[in-house]
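# No sequence on hand, only this structure:
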DNA sequence: TGCAAAATAGCGAACGTTCGCTCTTTATTC
DNA sequence: GAATAAAGAGCGAACGTTCGCTATTTTGCA
């Protein structure tokens, strides 16, 4: 890779600048929840957490979180019922951990990180904030899919967390748009409405990935498209 | 109302031109499924079907279809367990009937009806097709919400039906876009990508209505916005 | 029109199954 | 051999579904 993010716009350079590879994610998750996880030896803990959450994403995407029984999860992971309960204290814990971890791990970081990286080049900041949103949605696809689909079925506190996560994204991105519009002459369009539309396009990516892969649209294509889309709206 | 659809663009004139009022909907649904519904007397059947499906939409939106038990449904509707089974033969029937009815009732009608109403005025056709999509999404909000959220948890055949319903919408709207682009000089943008983006915006309306009502955006505002959005993309 | 008889609609307890979860026992690791 | 992790049988509750019954409405005959 000759240049680096944010000058280089590829997902590879993005992933290198903000290391959120799926591999290290469950290590982070383990240390984040270490106090409430019974298994203390690091090696099996991280390995099994990865297995458990990947299986949760898979089964939930097939039949929903409610429709997935812990026996399903047990046979999918080859971990016994008792084994599972060394990692969670109840089924809802799986949902809690996903929502809480995503909220803490991603949160507003995208905006501050991109702002720092792009300095006072406002056009670049807008473009790369959009790309960062699309790339993050791609890397966290199973996580975001789960949160979107299951939010309404969760406990009130988790539902609230998931909703606030989305609202914060719209608000933060709306602020980037406003900043961009202030430097321009035109632009009477509502920043929040534009932000909602862009978010809907990002959601479409992680909710209906099959649709885009069938039509041979890559993540980089789609990020470019989202940038062009937003530009045309402003 | 001084003028009529499609010259008058309000949702009221649309609803008058295409009578899909919620009231008469369950009468239609009853006759559509009459052969598989045990209750033969029209009066209680239509009344109870309306009660049952409205409650299904309510409870499913709160805790998901899987999370809603038939005991929940029984106490919400004040219809006993045995009573419910005079209208369905199994729980999955509720989902089947929703998906099947929406597919049959709405299907491609929007496009043919709008095409007839707008004649060979291609610009008007594009605009009013978009408005028809938004207005239909609003009128059928609980139905579409249910289909979107529960599709992945349904039986394979129902899941397929729900997916095809969406794909058909994108394809049909893509054809309207192509026709519009052919009459213009510019326009190298992919019609299917534009159609997907518009569909994502329509989905946002029926999936997150709370978000728009909180910001005091009416359905007419939003339809206008979607028209402007699509125009800017072409 | 009035009344018994038939047909239909609604009810709710009970069935077998599956659920989330617990707890004692066995296996693994250092 | 002490400590930790995994195992899986077992628990009560709740699930979708069934079924024998009651209540209501319609029908057939005077």
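Cool, the structure landed. From a predicted model like this one, the values you see are computed outputs, not experimental measurements.
# Confidence-wise, which helix or strand of chain A is lowest on average?
When the helices and strands of chain A are compared on mean pLDDT, DSSP states H and E, helix A:109-118 comes out lowest with a mean of 85.
# List the buried residues in that helix.
Using 16 or more other Cβ atoms under 10 Å in any protein chain shown as the test for burial, helix A:109-118 gives A:110-111, A:113-114, A:117-118. For the C-beta atoms, the positions are set from N, CA and C on the backbone; glycine is no exception.
# out of the residues you listed, what pair is the most spread apart?
By the measure Cβ to Cβ, A:110 and A:118 form the most distant pair in the buried residues of helix A:109-118, at 12.0 Å.
# Tell me which helix or strand comes right after the helix or strand harbouring residue A:212.
Mapping residue A:212 onto the secondary structure by DSSP states H and E places it in helix A:209-214. Sequence-wise, the next helix or strand beyond helix A:209-214 is helix A:219-233, with elements assigned using DSSP H and E.
# Quick check: buried residues in that following helix?
In helix A:219-233, counting by 16+ other Cβ under 10 Å, buried: A:219-220, A:222-227, A:229-230, A:233.
# re the thing from before, who touches the least confident helix or strand of chain A?
Outside helix A:109-118, the residues within contact range by Cβ atoms under 8 Å, 6 or more residues apart in numbering or on different chains are A:5-6, A:17-18, A:124-125, A:128-129, A:132-133, A:136, A:172-173, A:175-176.
# If we use 7 Å, what do you get?
Outside helix A:109-118, the residues that touch it by Cβ atoms under 7 Å, 6 or more residues apart in numbering or on different chains are A:5-6, A:18, A:124-125, A:128-129, A:132-133, A:136, A:172, A:176.
# same for the longest helix anywhere in chain A, what does it pack against?
For chain A, the helix that runs over the most residues, judged by DSSP state H, is helix A:156-182. For helix A:156-182, the helices and strands in contact under the criterion 3 or more Cβ pairs under 7 Å, 6 or more residues apart in numbering or on different chains; DSSP states H and E are helix A:92-105, helix A:122-139, helix A:191-207.
# got TSV for those helices, with distance to DNA strand C, mean neighbour count and mean pLDDT too?
TSV is the format used below for those (distance: least, Cβ to the nearest atom of the strand, whole Å; neighbours: other Cβ atoms under 10 Å in any protein chain shown; pLDDT from 0 to 100):
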stretch	distance to DNA strand C	mean neighbour count	mean pLDDT
helix A:92-105	6	19	96
helix A:122-139	28	22	95
helix A:191-207	24	22	96
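# Check the gap between the residue sitting nearest the centre point of chain A and residue A:176 for me.
The structure's chain A has its C-alpha centroid closest to residue A:140; by Cα atoms, centre = their mean the separation is 4.1 Å. Relative to residue A:176, residue A:140 is positioned 20 Å away (Cβ to Cβ, to the nearest Å).
# Briefly note if stretch A:219-234 comes near chain B.
Yes: using Cβ under 7 Å from any Cβ of the partner chain, we find that stretch A:219-234 touches chain B at A:225, A:229, A:232-233.
# between those residues, which is nearest chain B?
Proximity of these to chain B, judged by Cβ to the nearest Cβ, is greatest for residue A:232, which lies at 4.8 Å.
# my read: the closest one touches residue B:232, true?
Yes: in this structure, residue A:232 is within contact of residue B:232 by Cβ atoms under 7 Å, at 4.8 Å.
# on that earlier part again, Throw the residues of stretch A:219-234 next to chain B into a markdown table and include pLDDT and distance to residue A:87, thanks.
As requested, the residues of stretch A:219-234 next to chain B are arranged in a markdown table below (pLDDT from 0 to 100; distance: Cβ to Cβ, whole Å):
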| residue | pLDDT | distance to residue A:87 |
| --- | --- | --- |
| A:225 | 97 | 40 |
| A:229 | 96 | 41 |
| A:232 | 94 | 47 |
| A:233 | 94 | 45 |
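# Is the spatially closest residue to residue A:139 that is not a sequence neighbour in a helix, a strand, or coil?
Closest residue in space to residue A:139, ignoring its immediate chain neighbours: residue A:20 at 5.8 Å, by Cβ to Cβ, 6 or more residues apart in numbering or on different chains. Classification of residue A:20 using DSSP: H, G, I helix; E, B strand; the rest coil returns coil.
# No further queries at this time; thank you.
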